[in-house]
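Asks: Structure, please.
(chains A, B, C and D)
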There are 2 protein chains.
Amino acid sequence: MQNDVAHRRLRELILDGTYPPGARLTELDAAAALQMSRTPVREALRALAANGLVRPTGRGVVVVALDPADLEDAYQVRAALEALTAETAARRQRDGRIAPADLVALEDLAATTAGATDAGRLSEAVALNRRFHRRVAELAGNAIALDTLDRVWDQIHVSTLRSLAPPARHAHVTAQHTDLLAAIRAGAPEEAGRVARLHVLDTRASAGDLSARPA
Amino acid sequence: MQNDVAHRRLRELILDGTYPPGARLTELDAAAALQMSRTPVREALRALAANGLVRPTGRGVVVVALDPADLEDAYQVRAALEALTAETAARRQRDGRIAPADLVALEDLAATTAGATDAGRLSEAVALNRRFHRRVAELAGNAIALDTLDRVWDQIHVSTLRSLAPPARHAHVTAQHTDLLAAIRAGAPEEAGRVARLHVLDTRASAGDLSARPA
DNA sequence: ACTGCATGCATTGCATGCAAACAATGCGCG
DNA sequence: CGCGCATTGTTTGCATGCAATGCATGCAGT
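Replies: Model (predicted):
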């Protein structure tokens, strides 16, 4: 009950845009693509549907394509949860329950992310950015929040794939990362939560602008 | 791709305690219980795992049993999301985007819930309580938040099944419901969010106390 | 030309069979 | 008496086959 190759591979194919939002996918298609029989593919499709990456539709499934309103909703959820995890992480730091090495590693990651962003290595920057946010959430030590965030991140990722544009004001984004780290390091929960929420909502703003004028 | 009888029925069996937290479940067992072949059951099990109701373990799956720390985490997530939805609902009300009938219906539901709680009809009260919270979340019109909350509610529900004790201070709980409704009706987002968060965390306190001294 | 219907086809739902993995058990050997 | 190893049984992973469903296509009748 843990050999989900089909699930993992299909998730990859969706996240990297091979199956873009709105793409219809039948069991047979997917099975052919993965060179497997329909059985494991069916299971994977169910799991993906449960994770909100794919939506059942009459025959077959379609890759989710969040409309602007849904995307806004997703960002609201993400903001609420990242505020929670940032706040929790800061509290843990204040209580001395965070290993100094973890904080340093996180600061390194932030720097690497900023570097990739500045250099315009887009997809790498996106991946690093997600890893940064995920690490922050990990610091909170809330497995359920992390799990939930993974879902939301995936959903947002899929629906913002086409707008893989460089963040308009990436110096701003980098600065916000720095602020967040500072608040966590200082053990200031309130501040960390506030910064995290605003940062997510800022990201939304740019993604929203882009998704407002696509195909 | 939407005929999940197996998924729905297994979910029911887990939520109503037929398969209690920690129960091990093999595909064959479940298939026998549902009188189906293993194939649809496997799909259901994968979906349940994706929804966090069941956890893969070596052979077969076990029904999730959140330890007290995880339960606390789940309540934190729930509180953050219910604060968001309450806040959003209040904002919508303020902007006149909520049908008056919906608010009235919600107040009725709150009254019914209070009645069942007072009368000590425990399982009915639990069900009504969840419906009340769900309706509030629906008012926010955020489908993704609702979806996410459903997951978290399910997870919490499973792990608090054994402690089906009457809420210690149910007058208090009822009062908080009233306060929440008032804040929404008044179109006071900040207040609604605050009340919702505190209400959830209060609930947690009592559930936590109970789960601290179980089997 | 348009509507209604029937036929065919794509696609899903489910069962069954088989092979591989893993765990437990019992056996032989030291 | 204890330890290691082989054997057996359980359970999963996957493929295939078949039946049922619903959609699209084309034909006929108006």
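Asks: how about the helices of chain A, start to end?
Replies: For chain A, the helices defined by DSSP state H cover A:5-15, A:27-34, A:38-50, A:68-94, A:100-118, A:122-139, A:143-159, A:170-185, A:189-212.
Asks: Could I get the average pLDDT for the second one?
Replies: Translated: helix A:27-34. Averaging pLDDT along helix A:27-34 gives 95.
Asks: That helix versus helix A:5-15: what angle between them?
Replies: 90 degrees (axes from the mean of the first three to the mean of the last three C-alpha atoms, to 10 degrees).
Asks: how many degrees apart are helix A:27-34 and helix A:38-50 in direction?
Replies: Using the same axes, to 10 degrees: helix A:27-34 against helix A:38-50 is 100 degrees.
Asks: For helix A:27-34, enumerate the helices and strands it packs against.
Replies: If you count contacts as 3 or more C-beta pairs under 8 Å, 6 or more residues apart in numbering or on different chains; DSSP states H and E, helix A:27-34 packs onto helix A:5-15, helix A:38-50. C-beta: built from backbone N, CA, C; applies to glycine.
Asks: buried stuff in it?
Replies: Residues of helix A:27-34 classed as buried under the neighbour-count rule (16 or more other C-beta atoms under 10 Å in any protein chain shown) are A:27, A:30-31, A:34.
Asks: Spell out which residues make up each domain of chain A.
Replies: Chain A breaks down by automatic domain parsing into domains covering A:5-63, A:68-212.
Asks: nearest to DNA strand C, of these?
Replies: Between DNA strand C and these, the shortest separation by C-beta to the nearest atom of the strand is 3.3 Å, and it involves domain A:5-63.
Asks: Are the closest one and DNA strand D in contact anywhere?
Replies: Yes. Domain A:5-63 is in contact with DNA strand D by C-beta under 7 Å from any atom of the strand, via A:5-6, A:36-40, A:58-59.
Asks: Does DNA strand C have contacts with that domain?
Replies: Yes. Contact of domain A:5-63 with DNA strand C (C-beta under 7 Å from any atom of the strand) involves A:26-28, A:38-39, A:42, A:59-61.
Asks: Can you tell me which of the residues you listed has the most neighbours?
Replies: residue A:61 (24 neighbours; other C-beta atoms under 10 Å in any protein chain shown).
Asks: what about the nearest residue to it once chain neighbours are set aside, how many neighbours?
Replies: In space, and not counting its chain neighbours, residue A:61 is closest to residue A:54: 4.5 Å by C-beta to C-beta, 6 or more residues apart in numbering or on different chains. Neighbourhood size, residue A:54 [other C-beta under 10 Å]: 27.
Asks: what pairs with residue A:54 across the strands?
Replies: Bridge pairing for residue A:54 (DSSP bridges) gives the partners residue A:63.
Asks: what's near enough to touch the closest residue to residue A:202 other than its chain neighbours?
Replies: Nearest non-adjacent residue to residue A:202, counting by C-beta to C-beta, 6+ apart: residue A:176, 6.8 Å away. Residues in contact with residue A:176 (C-beta atoms under 8 Å, 6 or more residues apart in numbering or on different chains) are A:195, A:198-199, A:202.
Asks: per-residue confidence at the spatially most central residue of chain A?
Replies: Nearest to the geometric centre of chain A sits residue A:153, at 2.6 Å (C-alpha atoms, centre = their mean). Per-residue pLDDT puts residue A:153 at 98.
Asks: shouldn't it be in contact with residue A:130?
Replies: Yes. In this structure, residue A:153 is within contact of residue A:130 by C-beta atoms under 8 Å, at 6.3 Å.
Asks: Could you pull up phi and psi at the most far-flung residue of chain A relative to its centre?
Replies: The centre of chain A is farthest from one residue, residue A:37, which by C-alpha atoms, centre = their mean lies 30.4 Å away. According to degrees, to the nearest 10, the main-chain angles of residue A:37 amount to phi -80, psi 170.
Asks: Pull the contacting residues for the residue nearest to it when sequence neighbours are not counted.
Replies: Using C-beta to C-beta, 6+ apart and skipping residues adjacent in sequence, the residue nearest residue A:37 is residue A:31, 6.0 Å away. Counting by C-beta under 8 Å, 6+ apart, residue A:31 touches A:37-38, A:41.
Asks: Over to residue A:132?
Replies: A:106, A:109-110, A:113, A:177.
Asks: same deal with residue A:179?
Replies: So residue A:179 contacts A:195, A:199 (C-beta under 8 Å, 6+ apart).
Asks: Buried deepest among the helices and strands packed on helix A:27-34, which one?
Replies: Among those, helix A:38-50 has the highest mean neighbour count (mean count of other C-beta atoms under 10 Å in any protein chain shown), at a mean of 22.
Asks: Just the residues contacting that helix, thanks.
Replies: A:4-7, A:9-11, A:14, A:25, A:27-28, A:30-31, A:34, A:54-56, A:61, B:1, B:4, B:7, B:39, B:42-44, B:46-47, B:49-51.
Asks: make it 6 Å
Replies: A:6-7, A:10, A:27, A:30-31, A:54, A:56, A:61, B:42-43, B:46-47, B:50-51 (C-beta atoms under 6 Å, 6 or more residues apart in numbering or on different chains).
Asks: possible to save the helices and strands packed on helix A:27-34 as a markdown table with mean pLDDT?
Replies: Converted to a markdown table, those look like this (pLDDT from 0 to 100):
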| stretch | mean pLDDT |
| --- | --- |
| helix A:5-15 | 96 |
| helix A:38-50 | 96 |
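Asks: Take the ones you listed and write them to CSV, including distance to residue B:96.
Replies: Formatted as CSV, the helices and strands packed on helix A:27-34 follow (distance: least, C-beta to C-beta, whole Å):
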stretch, distance to residue B:96
helix A:5-15, 39
helix A:38-50, 36
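Asks: ok, and the closest non-adjacent residue to the residue in chain A that chain B sits nearest to?
Replies: In chain A, the residue that lies nearest chain B is residue A:50 (3.7 Å; C-beta to the nearest C-beta). Distances taken as C-beta to C-beta, 6+ apart place residue B:50 nearest to residue A:50, at 3.7 Å, with adjacent residues excluded.
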